[in-house]
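>>> Sequence plus the predicted model coming up.
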Amino acid sequence: MTGPSAASSGADSFWGRIHALQTDFERGLAGGDFRIATNALLELDRLIWRAQGDLESPDAVVQARDTLRELLVRLGTDRAAGAGNAVDGLAPLVEGLLSLRENWRSDGQWAAADAIRDLLRRVRIQVEDTTSGVRWRLES
């Protein structure tokens, strides 16, 4: 979102800082550095509060808050997509371990099979044995 074109240098400075923070946010998100993205959001929030206290135009403050909301939604959406990618990336490893676990169970090597399940539990992967086979998921 872009701000309105401003007549005064104060408004230009306000929107210039907002755009700079948007750029920082985008850079952090694109690079997978959520610390940078989060810091940009926090600084944007501080900037909006200061602008409100400095009697910045109410419309400008509303537009800046809309920008903040849009960026927050993007952060949440990208984080959720990243979690899905984590599952996709782990799937071959987890399924290989579960196949090995199933082989050990079939051979009666219960301690070895349990060790696989315990290992997965320690890294927050929940294994569920069902009548239709083994299912797994990341714990939240």
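Perfect, I can see it now.
>>> and the next element down the chain from the helix or strand bottoming out on mean pLDDT in the chain?
Among the helices and strands of the chain, helix 58-106 carries the lowest confidence by mean pLDDT, DSSP states H and E, at a mean of 82. Downstream of helix 58-106, the first helix or strand assigned by DSSP states H and E is helix 110-122.
>>> helices or strands next to the least confident helix or strand of the chain in the packing?
Using 3 or more C-beta pairs under 8 Å, 6 or more residues apart in numbering; DSSP states H and E, the elements in contact with helix 58-106 are helix 9-30, helix 34-53, helix 110-122, strand 125-130, strand 133-138. C-betas here are computed from N, CA, C, even on glycine.
>>> Which among those is found nearest to residue 91?
Among those, the nearest to residue 91 by C-beta to C-beta is strand 133-138 (8.8 Å).
>>> Run the angle between the closest one and helix 110-122 for me.
Angle of strand 133-138 versus helix 110-122, following axes from the mean of the first three to the mean of the last three C-alpha atoms, to 10 degrees, is 30 degrees.
>>> Next, the buried residues of strand 133-138.
134, 136 (16 or more other C-beta atoms under 10 Å).
>>> Any idea how many residues pack against residue 125?
By the measure other C-beta atoms under 10 Å, the count of residues near residue 125 is 19.
>>> now residue 95
Neighbours of residue 95 (other C-beta under 10 Å): 12.
>>> separation between it and residue 135?
With distances taken as C-beta to C-beta, to the nearest Å, residue 95 is found 11 Å from residue 135.
>>> Residue 48: how many residues sit nearby?
Quick note: residue 48 (other C-beta under 10 Å) scores 21 neighbours.
>>> actually residue 64, not the one I wrote
The number of residues packed near residue 64 is 25, by other C-beta under 10 Å.
>>> Report the contact partners of it.
3, 14, 18, 44, 47-48, 51 (C-beta atoms under 8 Å, 6 or more residues apart in numbering).
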